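Chemist: Structure, please.
(one chain, ligands or ions: 2)
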Amino acid sequence: MTATVPPKPSPPQVRLDEEVDRHAQTLVALSQKIHANPETGFKEVQASRWLADLLETSGFAVERGVGGLSTSFRATFEGTMAGPNIAILSEYDALPELGHACGHNIIATTGVGAGIAIATSGLPFAGRITVIGTPAEEGGGGKIIMARAGVFDDVDAVIMMHPSTKAMTMRGSLASGRVEAVFHGRAAHAAASPDQGINALEAVIALFNGVNARRLHFRADARVHGIITHGGDAVNIIPARAASAWSVRARDRAYQRHLVAVLRDVAEGAATMTGARLEWRETRGYDNMVPSPAIAAICALHLNRLGIEDISPSPNERMGSTDMGDISQILPGLHVYLPIAPEGTAGHSIEFREASASEAGDQAVITGAKVLASTALDLLLDHKVLQQAIHEHAEMVRNGLVAGRDGWMTARA
Ligand SMILES: [Zn+2]
Ligand SMILES: [Zn+2]
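Modeler: Ligands and ions are numbered 1, 2, ... in the order given. Next comes the predicted model:
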């Protein structure tokens, strides 16, 4: 008589891969549906409903409209006992005119797919998986509003995925801010009595020229770009009011603040030069993303086992800004990129929109869900990894690399 050998249990990540494959058709169909029905920030009514519905039917307890945003959601799935709370984020807003040219349909379904794979796998874990639907990444800062409302207060680590042209776990993002510089002069007939006027448009022109005079001396990561939003009303009137809008970005908040201070100095100089009065308005924008090295390292292992190489960002990596940057200032965070388009393809372009509904885009939904599910489960099962991520984050707060929860809340107050 031969003894029966119990089947060898498959490693958890293989179980999760199988679950993602089992849900693949549903996830890809939903990604395509969101892509075909683009909704801009705070108006993602259908996308948020479709995603929340799917989570609900997969065993999650779903709250809709958390943090004061009607198109947000929070879906929780409890483990067998108390433990850490790992959040996986889902973005689903489109760009005005361009549609899903940032591929948030893929972000949406990888986040939800990863959560569902863990929930339906039956794998035991202590703690909680929370899938958070965060509206309006493209300028509205949904995550910032939700963080201020306390949605991330009970979360231990946050992970999400973004489509790109390369796989990267350690790519950051720029700290950003907006400035409105408005100049007030005095109207007068431009031919009959120009000597009575003060030309506000000349102040705006002096501001642009002044910024350009300083530009050579900016660090390579500086991005200071403006437009003239009002330049006068008629050619025969000396402009009494002229206005400009600016975006100011850099790799870190300290240097971004320095650039804003330079812009302000130049604007005050432009006012002095022309006799106009400066009106100055500033908004904070998004903080820079600081990836958690510990979480990035386990994510890279999962990329590798799926045959994907984790590319290190170059020192002059081209980057935009994201409200996930703010979350990474509060908590250990991962914002992993996966390729869907050839290198050199610009984000926010028609080409990137096409890629977001292509075969490569669909593949990224599946790969992304696998990678996020495995990374989240590692954080739940291997407390050493989560502790290391928390320890590293605390160290970064001490070194001033990130603000930390209290610092961030104060800066945002
Ligand atoms: Zn974008
Ligand atoms: Zn995006």
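Chemist: OK, contacts around Arg128?
Modeler: Under the criterion of C-beta atoms under 8 Å, 6 or more residues apart in numbering, the neighbours of Arg128 are Thr76, Phe77, Glu78, Gly79, Gly83, Pro84, Asn85, Ile86. For the C-beta atoms, the positions are set from N, CA and C on the backbone; glycine is no exception.
Chemist: could those be laid out in CSV, adding pLDDT and secondary structure?
Modeler: Formatted as CSV, the contacts of Arg128 follow (pLDDT from 0 to 100; DSSP: H, G, I helix; E, B strand; the rest coil):
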residue, pLDDT, secondary structure
Thr76, 98, strand
Phe77, 98, strand
Glu78, 98, strand
Gly79, 97, coil
Gly83, 97, strand
Pro84, 98, strand
Asn85, 98, strand
Ile86, 98, strand
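Chemist: Stretch 369-389: how far from the chain's middle?
Modeler: Its chain's C-alpha centre and that of stretch 369-389 lie 21 Å apart, by C-alpha atoms, centre = their mean, to the nearest Å.
Chemist: Identify each buried residue in that stretch, please.
Modeler: Taking 16 or more other C-beta atoms under 10 Å as the basis for neighbour counts, the residues of stretch 369-389 that come out buried are 369-381, 385-386, 388-389.
Chemist: For the residue most central in space within the chain, pull up the helix or strand it's in.
Modeler: Taking C-alpha atoms, centre = their mean as the criterion, Thr322 is the residue nearest the geometric centre of the chain, at 2.9 Å. Under DSSP states H and E, no helix or strand contains Thr322.
Chemist: Quick check: chain neighbours aside, which residue is closest to it?
Modeler: Nearest residue to Thr322, sequence neighbours excluded (C-beta to C-beta, 6 or more residues apart in numbering): Ser173, at 4.9 Å.
Chemist: so who does that neighbour touch?
Modeler: Residues in contact with Ser173, defined by C-beta under 8 Å, 6+ apart, are Tyr286, Asn288, Met289, Met319, Gly320, Ser321, Thr322, Met324, Gly325, His335.
Chemist: try 7 Å
Modeler: With contacts defined as C-beta atoms under 7 Å, 6 or more residues apart in numbering, the neighbours of Ser173 are Asn288, Met289, Met319, Gly320, Ser321, Thr322, Gly325.
Chemist: Pull the most distant pair out of those residues.
Modeler: Largest separation among the contacts of Ser173 by C-beta to C-beta: Asn288 and Gly320, giving 10.9 Å.
Chemist: who touches both of the two?
Modeler: Residues within reach of Asn288 and of Gly320 at once, by C-beta under 7 Å, 6+ apart, are Ser173, Leu174.
Chemist: neighbour count winner among these two?
Modeler: Neighbours per residue (other C-beta atoms under 10 Å) separate Asn288 from Gly320, with Asn288 holding more: 26 against 15.
Chemist: Output the below-cut-off pLDDT ranges for the protein.
Modeler: Judged against pLDDT under 70, the low-scoring parts of the chain cover residues 1-9.
Chemist: For it, just list every one of the helices.
Modeler: Under the criterion DSSP state H, the chain contains helices at 12-36, 45-57, 104-121, 142-148, 200-215, 253-274, 293-305, 324-330, 350-355, 359-381, 383-398, 404-412.
Chemist: I figured Gly127 hits Gly83, correct?
Modeler: Yes: if you go by C-beta atoms under 7 Å, Gly127 and Gly83 touch, sitting 2.9 Å apart.
Chemist: I appreciate the help and will end here.
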